[in-house]
Structure formats: structure tokens, C-alpha cells
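# Here's a sequence, model it:
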Amino acid sequence: MTAKGLVCKLSECGYRFSLSGDNIVLKYIGRDDPKSDEILPLVSELKQHKSEIIQYLKDEHFLNTFRDTVNEMAGKYKDKLFDYARSRIPEKYEQFNQVENRVNKYWDNGNFENFQKELGNWEGIYFELLKLFEAKND
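You can find the predicted model right below:
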């Protein structure tokens, strides 16, 4: 079973995952008593694939954090900020669009190493645009 499949199966059985350093912490939050005959083989498989599960959980946490951050940033300034950048600093606006396109491409292709790198570039340009926009409004 894949790391994602194993996490999903245990989640369906009422378990939630977290990381504590290099350890996976399982917490049962289901309503009924856990069915040990169903869970023990899954926990055994989890131990066999510990490093893959840890990486999957880290990736999921990162992606959720990224989504939340992007949504928060876009909700605050998007329309006015991008209108300003498009009309006043078109070269920076175009640079931002190119980086955003690469971020989306890497996301769609599942290339998380390049995705994280471009995300850092995206964030840097976004905050640079934001500073210019806020300075204009002061």
C-alpha cells in the first residue's frame, strides 16, 4: 500500500496523524473502540514504511500551509495590488506571473522540490509588490 493509501485507511478507521521529531504519533479519535484485528496489520505496515509516511505527512503539511497562506494573501490585496502592479510596474508584474506559472506547473506535475523553490521566489516577489503598493498608499 502507498503512504497516502495507508494514511487514508488509518484515517478512515478513526486515527489522526502528527509528527514528533522523527516519530509518527497516532491518536484514535473514533467513537467506537478500535478494531485491533483491522488496525494491527496496518500499524505493522506503517512501521515498515515509516520514512515514506513521514515524508508524505511533511508534504501534506507543507501543501496545506501553502494553500492557507496563498488564500490569505490573495484575499487581502489581490485585485488592487495586481491592478497597481500591472499599470505601474509591468516588468515586475510579468515576472510575478512567470513565477506563478512555474509554481502551478510544478504543483500539477508533483515536482515538490522545484515547487518549493519557486514558491520562495513567488513569495519574495509578492511581498516586494506588496511593499511598493503599501508605500504608494501611505
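
# which regions of this structure lie under the pLDDT threshold?
Scanning the chain for pLDDT under 70 picks out 62-63, 65-67, 69-79, 137-138.

# And the strands in it?
Remark: strands assigned in the chain by DSSP state E are 15-20, 23-28.

# Glu134: which of the ones you listed is closest?
strand 15-20 (36.2 Å; Cβ to Cβ). Glycine gets a C-beta too; all of them are placed from N, C-alpha and C.

# What sits closest to Trp122 if chain neighbours are left out?
Nearest residue to Trp122, sequence neighbours excluded (Cβ to Cβ, 6 or more residues apart in numbering): Val99, at 4.8 Å.

# what sits against that neighbour?
Each residue near Val99 by Cβ atoms under 8 Å, 6 or more residues apart in numbering is listed here: 118, 121-122, 125.

# The same query, at a cut-off of 10 Å, please.
For Val99, the contact set (Cβ atoms under 10 Å, 6 or more residues apart in numbering) comprises 118-126.

# Pull the residues that contact stretch 35-50.
1-3, 5-7, 9-10, 13-15, 17, 22-24, 26, 28, 34, 52-53, 55-56.

# Just the buried subset of those, please.
Using 16 or more other Cβ atoms under 10 Å as the burial test, the contacts of stretch 35-50 include 3, 6-7, 9-10, 14-15, 17, 24, 53, 56 as buried.
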